[in-house]
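Trainee: please work out how this folds:
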Amino acid sequence: MKVKILIILLLFTTSIFGQEPDATPPAKANARPEATPTPQPEPFDNATLKELTKCVSLNTEIGSIELEMFPGTAPITVRNFLNLTAIKAFDNTTFSRVVPKFVIQGGVLSTNKNITYEMSLRELRPLPDEPNLVRHVRGIVSMARGDEPNSAGTSFFILVDDAPYLDNKFAAFARVTKGMDLVDKINQAPVENEEPKNPVVVKNATVIDCDGVVDKDTATQTADQPAKINDLPRFGFRGKVKGVRESTSEIKGKKKDWKKADQHSIGESFSEFGDIGDYIKATFYDKEGAVTGVNTSESTIWGAGVGAKAKDFFKSVDGKILAQTHVERTSENEFSFTSYDEKMNLVRRGKTTTDENGRFLKQSYERFGKDEKTDGSFTTTFTYDAYGFMTSRIQVDGEGKRVFYNRFEYPELDDRANWVVRLIFDSEDSKRPVRIVRRKFEYYPD
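Mentor: Have a look, this model is predicted:
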């Protein structure tokens, strides 16, 4: 879903993951000039998120370690890891770095004594940083990299203990579901300067379907770790978040730099979200700090099964219900909804189709006017990028005529990879946004 620049502020030295074996062979006097590698098509290049929901078996000389991928939180990293597995890049490599009571690290392709020239080039391909909300706890698998942004490649590490200081800085993309005892065994073997005296060899790695069976040691992890964490939180957050939002828009017909556009609105909110990003409560304030409204959810259906119901309310400062929506899950990826005004007059009725992460894909509804007579039908479709940010929103009426079109770009993110600046365009090819939205957040502990 465009060009993005992720600036990740590193809070620790390069000695943590920056000291990786050099994959570049020594230069020779008569060596041929190094060519710029042209990426070749790989098996998972065009896989959907559902198709990326796989496990990987690392078949080592002491047994097998199985990893469950988290494509919802780290789709680029998972795609890269599955591709590397499928092209046999990890075969005959070793766990070349071991830090007792911390991590074991593998994936350095040059530890394969018979590495080919093509595979050595594959090792040099950089991978975009993909920090996310998955906590770095025991059993989590994350990408190793140097001290420069976007410097990950093929090397990964498996945690044998919790490391919260890595959260939101490294791309956690999987967890161990079987063989954690083998991870411990590798971690406890003799080492010298973080180099194992007898590195364990990965004889081969294979992509497999996950069977849903998880070793007890890795299933529990920590008390506050969700049992299944390979889904993006629905609203992008967990815990408590204070947000300030400012929206500016251009006045139509006047030649004006959008950066200097008149202020349209500014407000503040304090929101609470559950462990899977399910909305609990939000309180809204105006620019003077006065409460303007409260959104509450009577119950959540995002993690519930078919038939689950919920009610969302928007209330005034004195608690009066100004609007409400009743929602029911009718299938795994579909919800029906009915909206009412403060007098319980029918306003909208329709259904919403979502992806596996709860993001809206399509919403069709009827709008009702006075005496609850139909006032038209509409369908809105949504698209997203690999980070889960909406890239377009298009609405058509019952005759298929376009009602509105929005295209979104996100030039700035914060250190938790949540967008803080969004540009809104009103056509596919427009280069001048009609609105800019700025957000800033204060994050509170869960």
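Trainee: any regions of the protein where pLDDT drops low?
Mentor: Applying pLDDT under 70 to the chain picks out residues 1-38, 212, 216-281, 285-289, 297-304, 356-358, 386-388, 414-417, 443-446.
Trainee: in space, not sequence, find me the middle residue of it.
Mentor: The C-alpha lying nearest the average C-alpha coordinate of the chain belongs to Thr73 (Cα atoms, centre = their mean; 3.2 Å).
Trainee: do I have it right that it meets Ala172?
Mentor: Yes - shown here, Thr73 and Ala172 form a contact pair, counting by Cβ atoms under 8 Å, at 7.3 Å. Placement of C-beta: from N, CA and C, glycine included.
Trainee: what do those two both touch?
Mentor: Residues within reach of Thr73 and of Ala172 at once, by Cβ atoms under 8 Å, 6 or more residues apart in numbering, are 132, 134.
Trainee: picking that back up, for the residue nearest to the centre of the chain, which three-state class applies?
Mentor: coil (DSSP: H, G, I helix; E, B strand; the rest coil).
Trainee: leaving out the residues flanking it, which one is nearest to it?
Mentor: Closest residue in space to Thr73, ignoring its immediate chain neighbours: Asn132 at 4.2 Å, by Cβ to Cβ, 6 or more residues apart in numbering.
Trainee: same check on Asn112?
Mentor: Asn92 (4.4 Å).
Trainee: could you measure from the one you found over to Phe156?
Mentor: 16 Å (Cβ to Cβ, to the nearest Å).
Trainee: the more surrounded of these two?
Mentor: Set Asn92 next to Phe156 and count neighbours by other Cβ atoms under 10 Å: Phe156 wins out with 25 against 17.
Trainee: ok, the more buried one - contacts?
Mentor: 81, 105-107, 141-144.
Trainee: please redo it, this time with the cut-off set to 6 Å
Mentor: Phe156 sits next to 107, 141, 143 when contact means Cβ atoms under 6 Å, 6 or more residues apart in numbering.
Trainee: coming back round to it: now the residue nearest to Thr73, what are its backbone angles?
Mentor: phi -150, psi -170 (degrees, to the nearest 10).
Trainee: give me the sheet partners of the strand or helix carrying Asn204 and which way each runs.
Mentor: Assigned by DSSP states H and E, Asn204 belongs to strand 201-208. For strand 201-208, the paired strands and their directions (DSSP bridges) read strand 55-60 (antiparallel), strand 93-94 (antiparallel).
Trainee: residues in contact with it?
Mentor: Residues contacting strand 201-208 (Cβ under 6 Å, 6+ apart): 54-61, 82, 85-86, 90-91, 93-94.
Trainee: gap between Lys185 and Leu127?
Mentor: In terms of Cβ to Cβ, Lys185 sits 29 Å off from Leu127.
Trainee: which one of these two has more residues nearby?
Mentor: Leu127 (18 against 15).
Trainee: which ones are touching that one?
Mentor: 80, 152-153.
Trainee: go with 10 Å
Mentor: 76-77, 79-81, 143, 145, 150-154, 171 (Cβ atoms under 10 Å, 6 or more residues apart in numbering).
Trainee: list buried residues within the residues you listed.
Mentor: With burial judged by 16 or more other Cβ atoms under 10 Å, the buried subset of those is 76-77, 79-81, 143, 145, 151-154, 171.
Trainee: isn't the residue nearest to Asn112 right up against Val108?
Mentor: No - counting by Cβ atoms under 10 Å, Asn92 stays clear of Val108, with 11.7 Å between them.
Trainee: give me the number of residues near Lys311?
Mentor: With other Cβ under 10 Å as criterion, Lys311 counts 12.
Trainee: doesn't it fall inside a helix?
Mentor: No - secondary structure of Lys311 (three-state DSSP): strand, not part of a helix.
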